[in-house]
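Chemist: Give me the fold of what follows.
(2 chains)
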Amino acid sequence: MPRRCGARPGADAVPLPVPASAPAPRPRRPRLGARLCYRLGALLVPNRLWRGVGRSLERHPSGYRALHRVEAGVKEAAFGCRDCGQCALPTTGYACPMTCPKELRNGPCGGVRADGGCEVFPEVRCVWLVGYERAAAAGAAAGFAPLLGPLDHRRVGESAWVNYWLERDGSPAPRRGALHAGAPR
Amino acid sequence: MSAAVVGARPVRGRLATAVAEGRFAVTAELTPPKGADTAALRRAAALLAPHVHAVNLTDNAGAVVRLASWAAAVAVAEEGVEPVVQLQCRDRNRLALQSDLLGAAALGIPNVLLLTGDHQSAGDEPGAAGVFDLDALTLIETAARLRDEGRLGSGAALSSPPRWLIGAVENPAAPPLAFRPERAARKVAAGAQFLQTQFVFDVPLFAEFLGRLGDLGALERCAVLAGVGPVRSRRMLERLRHGIPGVVVPPSFAARFDGVPDARFAEAGIAYCAETVAALRSLPGIGGIHLMAFSWEEAIVEVLERVGLAAREPEAVAQ
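Modeler: Got it, this is the predicted structure:
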């Protein structure tokens, strides 16, 4: 069964790569090189054009769905994207923190094994360790893992790009007012 | 009964006083029982009472169900020990975490330790849902907001702000090693005032971690308590080496037990632990030690006696 996605206008009933009964998260090694990711990511930074595109897509459900399908497909193949709608990749060395079994968005837990293995899946390398090494290799260590607010569960299944352009994802833009994402301001 | 808990709202507990005055702080960890009988827990607490500033009550550690940390805290406080209530993110969402934080304040519990928590797959309910709605950093930030601004994470004002000392954990021995001081410093920036570490068996590695924390300016705002514990048996050594995620036992340390006969093992464990404590104590900038002995409290007292840290407590709890 395809999962229904979030409350964005026109975003109903889009088949997504991650079903409602998605298997538990498991660290996933990115399939795209870090430098390339940072270069591609820079193209998506919000500007007047992208804000316009985002606003327009929200008025055009079929366009929103098409973009979201592309985004989710590309990110699933490249990073094991779990469609959280609030993408943290630009601050995590483009290793998806939602594939961490604890879905930690603010750095590695203390259970990382001496050989770099995940606490839960010892045979797989900790996704935060992978991200740290990728960020360092790409010269992006300074911007690595800034403090992100908790996930806004209402936005799961939405297009993270549109949320990013319209500054609705609570990260990595500075948060105002309330501490927890999506709380009344 | 300690004045610190139930009915009273301490301005500053023993641990907070030790931290504020820059004295060498000593805490120990007690595991609440698998059941509602607190007799053994109370005996352990009474044994430790004269020797430690505070005792941590673990919160379903290892994802194994045990008596709630806050309830165990009330029990040990009745034995004259100042409690540290632990709160992890695996079992509760952001609503429950905040209400439990307020609950700890309402009971007059002076210290909270906020952590991410072990994954549920390692425990006795591996099929449980793992919540991880907040993580250690956002939980610390939330607690600091409750206390310092008198506001909830939602922004809503509290009728009266809580007043605990906020603690955090870090594992200096887990990869990526170079990022661990940075991560600890972020916890301090978010509001942590004391930091207890995972077991330290590699003192030079810990010294590097501590030095880096000093460079980051974190030691001015936070006391770092190194995690230590006596190894009781060959079985426990193997468990530490392979059974607890994040614990790193260097081969050189394990090798020290190679020629030790089983009958002398516990004795050696205490001696090596005392050596480690002595070495840690000489490090500039260290805030204290956090002792973890897995129900071997007599050994904690023994270690403290050997290094001259026993029976320094209690001081009066300021009201």
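
Chemist: alpha carbons only for contacts and neighbour counts from here, please
Modeler: OK.

Chemist: how deep is the residue of the stretch 201-319 of chain B found nearest chain A tucked in, by neighbour count?
Modeler: Nearest residue of the stretch 201-319 of chain B to chain A (CA to the nearest CA) works out as residue B:246 at 4.1 Å. Residue B:246 has 25 neighbouring residues, counting by other CA atoms under 10 Å in any protein chain shown.

Chemist: helix/strand/coil for the closest residue to it other than its chain neighbours?
Modeler: Once its chain neighbours are removed from consideration, residue B:246 has its nearest residue in residue A:111; the separation is 4.1 Å (CA to CA, 6 or more residues apart in numbering or on different chains). Three-state call for residue A:111 (DSSP: H, G, I helix; E, B strand; the rest coil): coil.

Chemist: so residue A:111 makes contact with residue B:118?
Modeler: Yes - taking CA atoms under 8 Å as the definition, residue A:111 is a contact partner of residue B:118 at 7.5 Å.

Chemist: about what we covered before: contact partners for the residue of the stretch 201-319 of chain B closest to chain A?
Modeler: The neighbours of residue B:246, taking CA atoms under 8 Å, 6 or more residues apart in numbering or on different chains as the test, are A:110, A:111, A:112, A:113, A:114, A:119, B:171, B:173, B:174, B:198.

Chemist: switch the cut-off to 6 Å
Modeler: A:110, A:111, A:112, A:113, B:174 (CA atoms under 6 Å, 6 or more residues apart in numbering or on different chains).

Chemist: likewise residue B:34?
Modeler: Residue B:34 sits in contact with residue B:66, where contact means CA under 6 Å, 6+ apart.

Chemist: ok, now with 8 Å
Modeler: With contact taken as CA under 8 Å, 6+ apart, residue B:34 is in contact with B:65, B:66, B:67.

Chemist: Kindly indicate the member of those residues with the most neighbours.
Modeler: If you rank the contacts of residue B:34 by neighbour count (other CA under 10 Å), residue B:67 sits at the top with 19 neighbours.

Chemist: and that residue, how far is that from residue B:129?
Modeler: Using CA to CA, to the nearest Å, one obtains 19 Å as the distance from residue B:67 to residue B:129.

Chemist: Nearest to chain A among the contacts of residue B:34?
Modeler: residue B:65 (18.7 Å).

Chemist: For residue A:109, grab phi and psi.
Modeler: With angles defined as degrees, to the nearest 10, residue A:109 sits at phi -80, psi 180.

Chemist: how about the nearest residue to it, chain neighbours excluded?
Modeler: Spatially, and ignoring its direct neighbours in sequence, residue A:109 is nearest to residue B:116 (7.1 Å; CA to CA, 6+ apart).

Chemist: so what's the backbone phi/psi at that neighbour?
Modeler: Listed backbone geometry of residue B:116 is phi -70, psi -50, with angles given as degrees, to the nearest 10.

Chemist: my guess is it meets residue B:130, correct?
Modeler: No - shown here, residue B:116 and residue B:130 do not form a contact pair, counting by CA under 8 Å, at 10.9 Å.

Chemist: Need the overlap of contacts for these two.
Modeler: Listed contacts common to residue B:116 and residue B:130 are residue B:90; contacts here mean CA under 8 Å, 6+ apart.

Chemist: Most remote residue from the middle of chain B, which is it?
Modeler: Relative to the average C-alpha location in chain B, and by CA atoms, centre = their mean, no residue lies farther out than residue B:259, which sits at 32.2 Å.

Chemist: what pLDDT does it get?
Modeler: pLDDT for residue B:259: 93.

Chemist: now do residue A:168
Modeler: The confidence metric pLDDT takes the value 84 at residue A:168.

Chemist: Then residue B:10?
Modeler: For residue B:10, the pLDDT comes out at 46.

Chemist: where's residue B:79 relative to residue B:72, distance?
Modeler: With distances defined as CA to CA, the gap from residue B:79 to residue B:72 amounts to 11 Å.

Chemist: Mind jotting down where the strands sit in chain B?
Modeler: Listed in chain order, the strands of chain B (DSSP state E) span residues B:25-30, B:54-57, B:83-88, B:111-115, B:165-170, B:194-199, B:223-228, B:288-292.

Chemist: Check which element follows the helix ranked longest in chain A along the chain.
Modeler: Among all segments of chain A classified by DSSP state H, the helix with the greatest residue count is helix A:61-79. The helix or strand immediately downstream of helix A:61-79 is helix A:127-137, counting by DSSP states H and E.

Chemist: downstream neighbour of that following helix in the secondary structure list?
Modeler: Secondary structure here is assigned by DSSP H and E; on that basis, the next helix or strand after helix A:127-137 toward the C-terminus is helix A:160-165.

Chemist: avg pLDDT for that next one?
Modeler: For helix A:160-165, the per-residue pLDDT averages 95.

Chemist: Alpha carbons only: can I get that helix in CSV?
Modeler: Taking C-alpha atoms only, helix A:160-165 is exported to CSV below (Å, rounded to 0.1, in the frame of the first residue of the first chain):
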residue,chain,number,x,y,z
ALA,A,160,11.7,18.6,1.7
TRP,A,161,12.9,20.8,-1.2
VAL,A,162,9.7,22.8,-1.2
ASN,A,163,9.8,23.1,2.6
TYR,A,164,13.5,24.2,2.4
TRP,A,165,12.7,26.8,-0.2
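
Chemist: I'd like to know which elements it is packed against.
Modeler: Using 3 or more CA pairs under 8 Å, 6 or more residues apart in numbering or on different chains; DSSP states H and E as the contact definition, the elements that helix A:160-165 packs against are helix A:48-59.

Chemist: Now with 10 Å, please.
Modeler: Other helices and strands packing on helix A:160-165, by 3 or more CA pairs under 10 Å, 6 or more residues apart in numbering or on different chains; DSSP states H and E, are helix A:48-59, helix A:61-79.

Chemist: Who are the packing partners of the shortest one?
Modeler: Right, the one you point to is helix A:48-59. Packed against helix A:48-59, as judged by 3+ CA pairs under 10 Å, 6+ apart, are the following elements: helix A:61-79, helix A:160-165.

Chemist: from the chain's centre, how far out does the shortest one sit?
Modeler: Which is helix A:160-165. Relative to its chain's centre, helix A:160-165 lies at 10 Å (CA atoms, centre = their mean, to the nearest Å).

Chemist: Can you mark which positions in that helix are buried?
Modeler: Neighbour counts using 16 or more other CA atoms under 10 Å in any protein chain shown place A:160, A:161, A:162, A:163, A:164, A:165 of helix A:160-165 among the buried residues.

Chemist: Tell me the one of those nearest residue A:56?
Modeler: Distances from those to residue A:56 were compared by CA to CA; the smallest belongs to residue A:162, at 10.0 Å.

Chemist: Tell me the spacing between the nearest residue to the closest one once chain neighbours are set aside and chain B.
Modeler: Nearest non-adjacent residue to residue A:162, counting by CA to CA, 6+ apart: residue A:54, 5.1 Å away. Applying CA to the nearest CA, to the nearest Å, the value for residue A:54 to chain B is 27 Å.

Chemist: Tell me how many other residues crowd residue A:54.
Modeler: Neighbour count of residue A:54, defined by other CA under 10 Å: 21.

Chemist: that older thread, for the residue farthest from the centre of chain B, which residues are in contact?
Modeler: Residues touching residue B:259, when contacts are defined by CA atoms under 10 Å, 6 or more residues apart in numbering or on different chains, comprise residue B:265.

Chemist: what do you get for residue B:115?
Modeler: With contact set as CA under 10 Å, 6+ apart, residue B:115 has these partners: A:109-110, B:59, B:86-90, B:134-140, B:167-170.

Chemist: which among those end up buried?
Modeler: The neighbour-count test (16+ other CA under 10 Å) marks A:109-110, B:59, B:86-90, B:134-140, B:167-170 as buried among the contacts of residue B:115.

Chemist: ok and the longest helix that chain B contains relative to strand B:223-228, angle-wise?
Modeler: As assigned by DSSP H, the longest helix anywhere in chain B is helix B:265-281. Angular relation of helix B:265-281 and strand B:223-228 on a 0 to 180 degree scale: 160 degrees, by axes from the mean of the first three to the mean of the last three CA atoms, to 10 degrees.
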